[in-house]
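[1] Pasting the sequence and the predicted coordinates here, then a few questions.
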Amino acid sequence: MKVLFLSPVGVLGGAERSLLDMVEAVRAERPGCELSALACADGPLVQRLGEVGVQVAVRQMPESLRSIGDSEDPGALAFLRTALGSRGASLPGPSLVRYLGEVREVVRHFVPDIIHSNGIKTHLLSAALRGTGPKMVWHVRDFLSQRPVVPSLLRPLAGGVDLCLANSRAVKEDTERALPGVRCEVVYNGIDVAAFRPAPGQDQAASPAPFRVGLLGTFARWKGHELFLRATAHYRARFADEPAVSFHVVGGAIYETSNSQVSLPELEALADALGVRGCVTFHPFTESPERSICGLDLVVNASTRPEPFGRTIVEGMACARPVLAPAAGGPLEIVEPGRTGWLFEPGSAKALASAIHAAACSSPEARAQMGARARQAVESRFTRRELGRSLVAAYDACRP
Ligand code: GLC
């Protein structure tokens with residue numbers, strides 16, 4: 001069986017790290033399977049795929065497609081809609097026509113049985129691949145119905161899709177609403193439990209050491225950095241920093257989409273304005289988040305929109321760290337509150353501050369037990385092994 005993965009980006013966000021996991025998982029489950037990839041931009045994802053022996057073709061997306069992000073710039077979208085011919089009769093822009101030709105050429109070269117698209121922009125592109133032979137799988141990692149224009153762009157194309165995979169039950173339900181009639185199955189992310197494993201934290205010079213609370217992720221606006229900083233301010237005001245907590249933000253603006261990300265200067269200015277600059281440390285984006293996680297006592301997810309899945313939560317749990325996430329979307333399927341982590345009221349900085357306080361006040365033994373249960377939960381539900389089984393079964397089911 002030959003699978004061609006399509007990635008809209010070349011950076012290593014959650015969806016792309018999940019793509020690397022899928023490669024390893026499918027290979028382990030079906031060793032003869034031939035895997036290749038088309039990335040619409042160069043970057044560390046391309047390098048990592050190459051390192052694990054996946055043949056990758058990079059075809060740089062035209063700017064008009066590349067800059068469409070969460071903001072869904074209406075101008076770019078109108079252009080795209082016309083260009084893909086999903087509505088209106090105008091001629092496609094020449095750069096896009098050329099690009100679609102290049103993409104078709106890659107497919108002809110690899111001759112895959114399955115095309116596995118890993119992002120909205122490549123779902124759109126896959127329209128140009130209709131009739132080239134392979135079965136089409138869309139991996140949905142977003143709540144499509146929350147996007148203003150995307151559902152109406154995807155709907156007319158969904159007829160050509162053999163199977164949608166959703167990264168959580170919540171996303172499956174949403175996909176079925178947004179794209180009526182599609183076949184959709186849940187495939188949870190599976191992570192490398194050998195890399196994400198319990199390891200001692202960094203040496204703590206300060207004595208008594210502060211309780212270390214961290215938010216890891218890309219700088220997409222909805223990932224809740226602002227909420228996290230506001231919670232920091234609440235914590236200091238309400239609990240007078242008792243017990244002492246140090247706050248950490250790990251990540252960066254890695255995507256090219258306009259307006260949809262916060263910048264480091266913006267976050268620093270907000271921290272200044274809130275008077276918490278001194279107790280928040282900003283750490284750069286890392287390709288090895290496991291090290292950052294093991295330096296923390298509590299892993300926070302502060303997303304202000306429901307998280308489709310919430311990979312960093314599972315990574316924190318795999319490292320036997322207590323996690324704290326909003327009670328919405330994917331986290332509701334991952335965290336068993338009070339047993340394998342904690343949940344808080346989505347969007348509430350006060351609730352987040354109180355939950356951090358409760359965690360900081362809990363005994364180290366209680367947190368260690370929670371961490372151990374969290375690790376067990378990941379080992380039984382979110383492994384690459386499980387991922388490989390589900391993916392191969394899904395591929396088999398959509399082949400004749
Ligand atoms: C997307 C989602 C995130 C998920 C990741 C991997 O980035 O926003 O919730 O963890 O994909 O599926």
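    Sure, I can see it. Residues are numbered from 1 along each chain as shown.
[2] check contacts around residue 160.
    Shown in contact with residue 160 (Cβ atoms under 8 Å, 6 or more residues apart in numbering): 126-127, 130, 136. For glycine as for every other residue, the C-beta is placed from the backbone atoms N, C-alpha and C.
[3] Quick check, residue 342 in contact with residue 358.
    Yes - between residue 342 and residue 358 there is a contact at 7.4 Å, judged by Cβ atoms under 8 Å.
[4] Skip the chain neighbours and tell me the closest residue to residue 125.
    residue 103 (5.9 Å; Cβ to Cβ, 6 or more residues apart in numbering).
[5] In terms of helices and strands, where is that neighbour?
    In this structure, residue 103 sits in helix 94-110 according to DSSP states H and E.
[6] Please tell me how far that helix is from the chain's geometric centre.
    27 Å (Cα atoms, centre = their mean, to the nearest Å).
[7] now swap in stretch 4-12 and tell me
    12 Å.
[8] Of all the residues in it, which ones are buried?
    Residues of stretch 4-12 classed as buried: 4-12 (neighbour count, 16 or more other Cβ atoms under 10 Å).
[9] Residue 187: which of the residues you listed is nearest?
    residue 5 (13.8 Å; Cβ to Cβ).
[10] Residue 142 versus the spatially closest residue to that closest one that is not a sequence neighbour, what's the distance?
    Nearest non-adjacent residue to residue 5, counting by Cβ to Cβ, 6+ apart: residue 37, 4.4 Å away. According to Cβ to Cβ, to the nearest Å, residue 37 stands 20 Å off from residue 142.
[11] Tell me which of those two has more neighbours.
    residue 37 (24 against 21; other Cβ atoms under 10 Å).
[12] quick one: that one and residue 52 touch, right?
    No - using Cβ under 8 Å as the test, residue 37 is too far from residue 52 to be in contact (10.5 Å).
[13] which residues touch residue 340?
    Residue 340 touches 317, 323, 370, 373-374, 377, counting by Cβ under 8 Å, 6+ apart.
[14] hmm, back to that, what packs against the helix holding residue 103?
    Identification of packing neighbours for helix 94-110 by 3 or more Cβ pairs under 8 Å, 6 or more residues apart in numbering; DSSP states H and E yields strand 2-7, strand 34-39, strand 55-58, helix 63-66, helix 74-84.
[15] what's the following helix or strand after it?
    Counting by DSSP H and E, the next helix or strand C-terminal to helix 94-110 is strand 114-117.
[16] can you list the residues that contact that next one?
    In contact with strand 114-117 (Cβ under 8 Å, 6+ apart) are residues 1-6, 22, 107, 123, 125-126, 129, 134-139, 395, 398-399.
[17] helices or strands up against the very next helix or strand once past that strand?
    Going down the chain from strand 114-117, the next helix or strand is helix 120-125, by DSSP H and E. If you count contacts as 3+ Cβ pairs under 8 Å, 6+ apart, helix 120-125 packs onto strand 2-7, helix 63-66, helix 150-154.
[18] Beta-bridge partners for residue 34, please?
    Beta-bridge pairing of residue 34 under DSSP bridges involves residue 2.
[19] quick one, helices of the stretch 151-300 of the chain?
    169-178, 225-239, 264-273, 289-294 (DSSP state H, counting those that start in this stretch).
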